[in-house]
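>>> Here is my input; please provide its structure:
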Amino acid sequence: MLKLLKIAIGSAAAIFLADRLGLNYSTSAGIITLLTIQDTRRETIMIAAKRIGAFLLATVLAYGLFQLFGYHVFSFGIFLLLFIAGCMSLRLQDAVSINAVLATHYLMEKNMSFSLIGNEALILLIGAGIGTLLNLYMPGKSREIRAMQYQLEEDLRTVLLRMSEYIKKEDKSDYTGNCFDKLQTDIEDGKKQAFAYMNNTFFQESKYFIAYMNMREQQTVVLQDIYKKIINMRTVWPQTEQVSELLYETAVTFGESNNAKALLVTREELLSQMKDSKLPATRKEFEERALLYGILMDLEYFLQLKRAFADSLTKEQIGRYWQANEKESGAERKRYG
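Residues are numbered from 1 along each chain as shown. Now for the predicted structure:
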């Protein structure tokens, strides 16, 4: 709805301004505004810049061809052939249509005087300028992406808690992996919002949420591997209780600003204890303790992913996304968690 309002208001304003300035073909300014307004700020600015660059190319080509072959349809056809090829090679395809329309004005007027070129340049600048200015206003998406982030963390926390519970059960018939379907859906939605957030902001730290969602997606793959190991375990060993406690501790301390250092130390201590324990007495015990060992290896990778993510953050990102968020996270988590 907001985009429709911007298009309607912006197009009308562009035509009005071009008309008040006494420009010929003033309605073209409104069309340029319509085509300039995109879904994000970054896209809008990029497409406006492309159209200005393509305008320079179109002007040079049109001037040369019309001077060489005259103002004929044949000349315009050659112009389109060369102009489109040039735009494609320069990755300016989005600017082809509107500049082709502006070039028809030269054909209709049968001249390319400095005043007419200036007329077309002003039409382009007015249309693209108003479209860009209107699209500088975008409702903030940080609240929505934070809500998705909290929901995703709650989903992962639930998966870990269920793992800590079911690893101690011999009967796992009701332990399904359906929870991963919702988790993957939430991650995909989160990544879409993260890209939208990045394209509506201009500071480097805006890539934070994309990196965050990618990290959680990788962690989800690791949890799926752990799940496959758990469902193949049928006996509860003393070491099973220890791994269950580590899964539980991982769940209850799970959060955005946890750098996983303490959990990695705990995991290393547990691994050392398991290595010092008595050797398996049966083949079954050997196989299932091997699964427990595999779970610890997976859990190490799970925690290292978060550790690597935390270590990759700049001071600006920590201040913008961690420290500032801690002030409001309690209320937000109650609302969305």
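
>>> Dump the C-alpha coordinates for the helix or strand containing residue 268 into CSV.
If you go by DSSP states H and E, residue 268 is part of helix 261-276. What follows is helix 261-276, C-alpha atoms only, in CSV (Å, rounded to 0.1, in the frame of the first residue of the first chain):
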residue,chain,number,x,y,z
LYS,A,261,33.2,-20.3,25.2
ALA,A,262,32.0,-21.7,28.5
LEU,A,263,30.0,-24.4,26.8
LEU,A,264,33.0,-25.5,24.7
VAL,A,265,35.0,-25.8,27.9
THR,A,266,32.3,-27.9,29.5
ARG,A,267,32.0,-30.1,26.5
GLU,A,268,35.8,-30.7,26.5
GLU,A,269,35.7,-31.7,30.2
LEU,A,270,32.9,-34.2,29.5
LEU,A,271,34.8,-35.6,26.6
SER,A,272,37.8,-36.1,28.8
GLN,A,273,35.7,-37.9,31.4
MET,A,274,34.2,-40.2,28.8
LYS,A,275,37.7,-41.1,27.5
ASP,A,276,38.7,-42.0,31.1
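
>>> now for it, which elements pack on it?
helix 238-252, helix 283-312 (3 or more Cβ pairs under 8 Å, 6 or more residues apart in numbering; DSSP states H and E). To be clear about C-beta, it is placed using only N, CA and C from the backbone, and glycine gets the same treatment.

>>> Between helix 283-312 and it, find me the angle.
160 degrees (axes from the mean of the first three to the mean of the last three Cα atoms, to 10 degrees).

>>> Need the residues that contact helix 261-276.
Contact with helix 261-276 is made by 239, 242-243, 246, 249-250, 253, 289, 292-293, 296, 299-300, 303-304, 307, as judged by Cβ atoms under 8 Å, 6 or more residues apart in numbering.

>>> Ok, stretch 175-191 next?
Counting by Cβ under 8 Å, 6+ apart, 145, 148-149, 151-152, 155-156, 158-159, 162, 166, 169, 209-210, 213-214, 216-217, 220, 223-224, 227, 230-231 sit against stretch 175-191.

>>> got it, and stretch 105-118?
24-25, 28, 59, 62-63, 66-67, 71, 73, 75-76, 119-120.

>>> Would you check the contacts of helix 261-276 and say which has the weakest pLDDT?
Minimum pLDDT across the contacts of helix 261-276 is recorded for residue 289, with 74.

>>> How many neighbouring residues does it have?
Neighbour count of residue 289, defined by other Cβ atoms under 10 Å: 20.

>>> Reformat the helices and strands packed on helix 261-276 as JSON lines; add distance to residue 84.
JSON lines is the format used below for those (distance: least, Cβ to Cβ, whole Å):
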{"stretch": "helix 238-252", "distance to residue 84": "56"}
{"stretch": "helix 283-312", "distance to residue 84": "42"}
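
>>> With that, I have no additional questions.
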